[in-house]
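*Asks:* Starting from these lines, generate the structure:
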Amino acid sequence: MKSWPVQDAKARFSELLDACLREGPQLVTKRGNDAAVLVPASEWRRLQHAAKPTLKELLLADTARVDLPLPPRGRMRRRSPAGLA
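*Replies:* Below is the predicted model:
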């Protein structure tokens, strides 16, 4: 993966974009530190899809995922069943 200082990336963005489409992801650095990666849109979509499996994929998976975010439970009391007040 080629590295581009932010000044070069700004000045030669068209070249950066062409390199991304031709060669794959391109790293942009700021003050010598990794700052961002430019990836082709098709690769980004693939990564996004892989990061968020569908409910069907989760249910059919061979192993359970334990890193699923669960919403916090509310503190409100449950309603009593109808007629049992």
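*Asks:* which residues of the chain fall in strands?
*Replies:* Taking DSSP state E as the criterion, the chain carries its strands at 3-5, 26-30, 33-38.
*Asks:* Mind listing the strands the first one pairs with, and their directions?
*Replies:* Here strand 3-5 is paired, per DSSP bridges, with strand 26-30 (parallel).
*Asks:* Could you list the low-confidence segments of the chain?
*Replies:* 65, 68, 83-85 (pLDDT under 70).
*Asks:* Which residue lies nearest the spatial centre of it?
*Replies:* residue 48 (5.0 Å; C-alpha atoms, centre = their mean).
*Asks:* Distance-wise, check that residue relative to residue 41.
*Replies:* 10 Å (C-beta to C-beta, to the nearest Å). (Glycine included, C-beta is placed from N, CA and C.)
*Asks:* now swap in residue 51 and tell me
*Replies:* Using C-beta to C-beta, we find residue 51 at a distance of 16 Å from residue 41.
*Asks:* Now do the same contact list for residue 28.
*Replies:* Residue 28 makes contacts with 3, 4, 5, 6, 9, 16, 35, 36, 37, 38, as judged by C-beta atoms under 8 Å, 6 or more residues apart in numbering.
*Asks:* Buried ones only from these, please, as a ChimeraX command.
*Replies:* Here is the ChimeraX command that picks out the buried ones among the contacts of residue 28, judged by 16 or more other C-beta atoms under 10 Å:
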select :4,9,16,38
